[in-house]
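Peer 1: after the sequence you'll find the predicted model.
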Protein chains: 2
Amino acid sequence: MLQKRIDDQPTLSRQMVREAQEILHRHLKGVGLKQTAQRDTILRTFLETRDHLSTDELHRLVQKKDSGIGYTTVYRTLKLLAECGLASEVAFHDGIARYEHQYNRRSHHHMVCTECGSSVEFFSQEVGKLEQEIGHKYHYLTTRHTFQIYGICEDCRKKNDTSRPL
Amino acid sequence: MLQKRIDDQPTLSRQMVREAQEILHRHLKGVGLKQTAQRDTILRTFLETRDHLSTDELHRLVQKKDSGIGYTTVYRTLKLLAECGLASEVAFHDGIARYEHQYNRRSHHHMVCTECGSSVEFFSQEVGKLEQEIGHKYHYLTTRHTFQIYGICEDCRKKNDTSRPL
DNA sequence: CCGTTGTTGAAAATGAATTTCATTTTCAAA
DNA sequence: TTTGAAAATGAAATTCATTTTCAACAACGG
């Protein structure tokens, strides 16, 4: 069975949720913004979910808790979470921006199934080293990199295998 | 001075253009499509350019040769070129799809400056190996990967360096 | 409490990608 | 050649995620 989030706890502890909220509040204060019930609800909903969420998906989840919260606020809050390091954008190149937890997570990369859209996370020291190496060689001050592998997962290959009897 | 296309000839030889055109024509025949003057013009214009072109940019260049050729045809032809392996899409995370030559090129990756948008190509065996390794480990049939490094190039750092006298 | 300043969310705007459709062109068979 | 079915073309319209606008509302320092 494929796992989606390999190094995460099954659920985030109360403690971690509190810490994440503090990080957000500190960030808001720092840049002169205000803390609101909507932002807290959105953060908590985001933390409760393990997948890679699009703005639209998170908005749906948030609405179950408070149907008054609009898409725009979710959109803007995700940007805030990215700003203070709680979330990061992952681009799976299907035209939709997705976000994942970043707080307390190991650096990792994704392998994405182009049939069903599911993804596996994997870890590799080498990719980070390569960023350093190449940056140094060409005199770039590197800030980040993206690395994704695309393919077809075992499940989808089984489904599509028409050589076996029906 | 940074180079953009490290392993390319400065200009494509007549011979290579002819070969590329043959590849396109064979592909068209293979999938039951027709060969047209527009498609040939678009292919030739594409081959003459060394940069990573958006549909819009290629359309502008094509119009210099034949102002009657529309955006839609360029858009559709780029997809055809990608289908028969003459072009490949590169996603630099600025929301615009770009294409580059693929015919007779070594496998490579890009490091992109987030200030000026210029890019350097680099080569690494390891990235391809990693694709194989990880795919095998998680039972994916891998098809491709994307790897980009983002940072700030030397030129842009110099421009932004306000510590030196004006 | 009050006023300033930031927030909210519906709606509109944006912009690249894609589709539609009436017209024109290709090309294989006659 | 001629012909006609199938595909190509390109302007315009559409789609769709993202981003901005704006008027009403809420946070929070004083």
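Peer 2: That came through fine.

Peer 1: start to end distance for stretch A:43-52?
Peer 2: This stretch, stretch A:43-52, spans 14 Å end to end (Cα to Cα, to the nearest Å).

Peer 1: same deal with stretch A:137-156?
Peer 2: Using Cα to Cα, the two ends of stretch A:137-156 sit 41 Å apart.

Peer 1: so what sits opposite the single nearest residue of chain A relative to DNA strand D in the bridge?
Peer 2: Residue nearest to DNA strand D within chain A (Cβ to the nearest atom of the strand): residue A:97, separated by 3.0 Å. C-beta: built from backbone N, CA, C; applies to glycine. Judged by DSSP bridges, the bridge partners of residue A:97 are residue A:91.

Peer 1: list the contacts of residue A:25.
Peer 2: Residue A:25 is in contact with residue A:35, counting by Cβ atoms under 8 Å, 6 or more residues apart in numbering or on different chains.

Peer 1: surely residue A:62 forms part of a strand?
Peer 2: No: assignment of residue A:62 by DSSP: H, G, I helix; E, B strand; the rest coil gives helix, placing it outside any strand.

Peer 1: hmm, it is touching residue A:41, no?
Peer 2: Yes: using Cβ atoms under 8 Å, residue A:62 is in contact with residue A:41, at 6.2 Å.

Peer 1: neighbour count winner among the two?
Peer 2: When neighbours are counted by other Cβ atoms under 10 Å in any protein chain shown, residue A:62 and residue A:41 differ, and residue A:62 comes out ahead with 24 against 18.

Peer 1: roughly how far does the more buried one sit from residue B:157?
Peer 2: With distances taken as Cβ to Cβ, to the nearest Å, residue A:62 is found 41 Å from residue B:157.

Peer 1: please apply the same query to residue A:67.
Peer 2: Distance, residue A:67 to residue B:157, by Cβ to Cβ: 48 Å.

Peer 1: more crowded one of these two?
Peer 2: Shown here are residue A:67 and residue B:157; by other Cβ under 10 Å, residue B:157 has more neighbours (15 against 8).

Peer 1: what sits against that one?
Peer 2: Neighbours of residue B:157 in contact, by Cβ under 8 Å, 6+ apart: residue A:141.

Peer 1: for the helix or strand hosting it, the distance to its chain's centre please.
Peer 2: In the assignment (DSSP states H and E), residue B:157 maps to helix B:154-160. Centroid separation for helix B:154-160 versus its chain: 26 Å, with Cα atoms, centre = their mean, to the nearest Å.

Peer 1: how distant is stretch A:119-139 from the center of its chain?
Peer 2: That offset, for stretch A:119-139, works out to 19 Å (Cα atoms, centre = their mean).

Peer 1: tell me which residues in that stretch are buried?
Peer 2: Neighbour counts over stretch A:119-139 (16 or more other Cβ atoms under 10 Å in any protein chain shown) mark A:119-122, A:124, A:127, A:130-131, A:134-135, A:138 as buried.

Peer 1: ok, and what's touching that stretch?
Peer 2: A:2-7, A:52, A:92, A:106-113, A:140-142, A:144-145, A:147, A:153, B:2, B:111, B:120, B:122, B:124, B:126-127, B:130, B:134, B:137-138, B:140, B:147, B:149, B:151, B:153-154.

Peer 1: one more time with 7 Å, if that's ok
Peer 2: A:2, A:4-6, A:52, A:106-113, A:141-142, A:145, A:147, B:2, B:111, B:120, B:122, B:124, B:126, B:130, B:134, B:138, B:149, B:151, B:154 (Cβ atoms under 7 Å, 6 or more residues apart in numbering or on different chains).
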